[in-house]
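**Student:** Give the three-dimensional model of this entry:
(one chain, ligands or ions: 2)
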Amino acid sequence: MAIPVTITQRPPSRREVKERTAALLADRPDLAERLHRVRRQGRTVRSCEVHLTNACNIRCKGCWYFEGGFDTAVKELSDLGRIRAFARRLRDEGVNQATLIGGEPTLVPRRVEAFMEELPYITISTNGLRPMPKEGFEDIAIAVSIFGGGPLDDDLRAIRVNGSTFTGLFDTALGHYRDDPRVMFIFALAEAGVPHLEPTVRKIAENGNIVTFNFYSEHGSDNPIRIENERRVLDEALRVKELYPETVVSHPYFIRTLITGASHWGGRFGYDVCPSLSVDHPAHADRVANGNPVIPGFAAWGADYETLQFCCTSGDCNGCRDSQAVYSWLVVSASRFLDSAERLEEWLDIAESYWRQWYWSPYHASRAGAAAV
Ligand code: SF4
Ligand code: SF4
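**Tutor:** Ligands and ions are numbered 1, 2, ... in the order given. Just a heads-up that it's a prediction; the model follows:
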């Protein structure tokens, strides 16, 4: 694992946070209820991630799972009884949310059920080729990936296990999930895909789904997050967000940080601030002690349902701009948004937009009483 370390200013102390927050709320009591609600939401959800299977029905270019050797690093467990016992153990330890990745979770729906039996908040991450049935899976959130948009998506993803290619993967996913509120597309932006950004989001909007942005980084390339014209990608992503404010869940601040890696307080996304790591993994002792917040109790597990993984994704921090890791970084960094009431309000908007991504969340647009921003 490559772990570049950068120096960032330590966050303010608990006492400073408390005093600053109280002072801001004294001027803006209207923010208190939103702050209380979103903090409660953060405390309620205790997350983990599980590599549900080592199998996948396609081979995307630059896939960190296969190119990083995750499929062969551990022996996959298929015994449903033991998988159920694993999910029960998570529940007993206080975990109530699992993001099930792979490999491809739609290939093993019985394993998804095993987690649903024990945990209330389930998200699966899928490539969209096979549908996740509705019946029996009504309450799960489904994150469907797209790479680049337009024809670029097929170039990068529509590749069978035997290496032959096909077309129409994104359209296939749209067909499976028309007007399905469980679904959010996770659209990995790529510089070459800029002309396809708006048409792709329009299709998602017309299909009755929502989308959040990710950043396409090719695992194994020298500089996976290098883009020649950052401004062009950023401007287009922000323009499309403005055009489709309901469809694009991503907050503009998040979009900026995703593309530039930077925050307003001078922070840069990277290992030393990333909160989406397995906190009990021995490799993270120094990171956890450095004062930057982590997702409390977070753990990622391999497909043997036993091996603690480094983090929520590849462990290649040099090339990482994982959307959920970046979003989580902003959400756990509330203490950096206490310069003014406007900044605090901006953080509330960001945090609420983060929680709006998931169908099981009370912030999701389909839920009664969803917070309006
Ligand atoms: S669908 Fe996911 S796991 Fe399968 S090859 Fe593509 S990126 Fe990798
Ligand atoms: S999510 Fe990204 S930055 Fe964070 S530990 Fe994993 S690879 Fe590194």
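**Student:** Which positions in stretch 125-136 come out as buried?
**Tutor:** Of the residues in stretch 125-136, 125-130, 132 count as buried by neighbour count, 16 or more other C-beta atoms under 10 Å. The C-beta positions use only the backbone N, C-alpha and C, and glycine is treated the same way.
**Student:** Keep only those of the residues you listed that are in strands.
**Tutor:** Among those, the members found in strands (DSSP state E) are 125-126.
**Student:** Please enumerate the helices of the stretch 251-373 of the chain.
**Tutor:** Counting by DSSP state H, counting those that start in this stretch, one finds helices in the stretch 251-373 of the chain at the ranges 252-260, 285-289, 323-331, 341-355.
**Student:** okay, these, which one's buried deepest?
**Tutor:** With neighbours taken as mean count of other C-beta atoms under 10 Å, these reach their highest mean count in helix 323-331, at a mean of 24.
**Student:** Run the angle between that one and helix 252-260 for me.
**Tutor:** Following axes from the mean of the first three to the mean of the last three C-alpha atoms, to 10 degrees, one obtains 120 degrees for the angle between helix 323-331 and helix 252-260.
**Student:** does ligand 2 sit close to helix 323-331?
**Tutor:** Yes - for helix 323-331 and ligand 2, the contact criterion (C-beta under 6 Å from any ligand atom) is met by Ala325.
**Student:** Renumber starting at 16 from here on
**Tutor:** Happy to do that; since the first residue is 16 now, the last one works out to helix 338-346.
**Student:** Other residues contacting that helix?
**Tutor:** The contact list for helix 338-346, computed with C-beta atoms under 8 Å, 6 or more residues apart in numbering, reads 57, 114, 201, 227-230, 268-269, 272-273, 278, 284, 288-291, 310, 326-328, 362, 365-366, 369, 372.
**Student:** and the angle from that helix to helix 356-370?
**Tutor:** Per the same axes, to 10 degrees, the angle that helix 338-346 makes with helix 356-370 is 150 degrees.
**Student:** wait, does helix 338-346 contact ligand 1?
**Tutor:** No - judged by C-beta under 6 Å from any ligand atom, helix 338-346 and ligand 1 are separated, with a smallest distance of 13.5 Å.
**Student:** what separates that helix from the chain centre, distance-wise?
**Tutor:** On the basis of C-alpha atoms, centre = their mean, to the nearest Å, helix 338-346 sits 7 Å off its chain's mean C-alpha point.
**Student:** tell me the contacts of the residue lying closest to Asp154 once chain neighbours are set aside?
**Tutor:** Leaving out its chain neighbours, the residue that sits closest to Asp154 by C-beta to C-beta, 6 or more residues apart in numbering is Trp375, at 6.2 Å. By C-beta under 8 Å, 6+ apart, the residues touching Trp375 are 112, 135-138, 154-156.
**Student:** Buried ones among those?
**Tutor:** Counted by 16+ other C-beta under 10 Å, these give 112, 136-138, 155-156 as buried.
**Student:** quick one: which two of the residues you listed are the most distant?
**Tutor:** The distance between the two most remote of the buried ones among the contacts of Trp375 (C-beta to C-beta) is 11.0 Å, for Gln112 and Ile155.
**Student:** middle-most residue in the chain, spatially?
**Tutor:** The residue lying closest to the centre of the chain (C-alpha atoms, centre = their mean) is Gln339, at 2.7 Å.
**Student:** How about the contacts made by the closest residue to ligand 1 within the stretch 166-315 of the chain?
**Tutor:** Relative to ligand 1, the nearest point of the stretch 166-315 of the chain is Arg172 (6.0 Å; C-beta to the nearest ligand atom). Going by C-beta under 8 Å, 6+ apart, Arg172 touches 73, 75-76, 142, 160-162, 184.
**Student:** what do you get if the cut-off is 7 Å, keeping everything else the same?
**Tutor:** 73, 75, 142, 162, 184 (C-beta atoms under 7 Å, 6 or more residues apart in numbering).
**Student:** for ligand 1, what are the nearby residues on this protein?
**Tutor:** Contact residues (C-beta under 6 Å from any ligand atom) of the chain with ligand 1: 71, 73-75, 78, 80-81, 117-119, 142, 172.
**Student:** Make a markdown table out of these and add pLDDT, secondary structure and distance to Ala129.
**Tutor:** Below are the residues of the chain next to ligand 1 laid out as a markdown table (pLDDT from 0 to 100; DSSP: H, G, I helix; E, B strand; the rest coil; distance: C-beta to C-beta, whole Å):
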| residue | pLDDT | secondary structure | distance to Ala129 |
| --- | --- | --- | --- |
| Cys71 | 98 | coil | 19 |
| Ile73 | 98 | strand | 24 |
| Arg74 | 96 | coil | 27 |
| Cys75 | 95 | coil | 26 |
| Cys78 | 92 | coil | 25 |
| Tyr80 | 95 | helix | 21 |
| Phe81 | 94 | helix | 24 |
| Gly117 | 87 | coil | 15 |
| Gly118 | 91 | coil | 15 |
| Glu119 | 98 | coil | 16 |
| Asn142 | 98 | coil | 21 |
| Arg172 | 96 | helix | 28 |
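**Student:** what about stretch 190-199, average pLDDT?
**Tutor:** Per-residue pLDDT over stretch 190-199 has a mean of 98.
**Student:** what sits up against it?
**Tutor:** Stretch 190-199 is contacted from outside by 143, 146, 155-159, 222-227, 264, 372, 374, 381, using C-beta under 7 Å, 6+ apart.
**Student:** Please identify the helix or strand for the residue nearest to Arg271 when sequence neighbours are not counted.
**Tutor:** Nearest non-adjacent residue to Arg271, counting by C-beta to C-beta, 6+ apart: Leu249, 6.5 Å away. For Leu249, the element it lies in under DSSP states H and E is helix 245-258.
**Student:** List the buried residues in that helix.
**Tutor:** 248-249, 251-253, 255-256.
**Student:** Okay, angle between it and helix 267-275 too, please.
**Tutor:** For helix 245-258 against helix 267-275, the angle by the same axes, to 10 degrees is 150 degrees.
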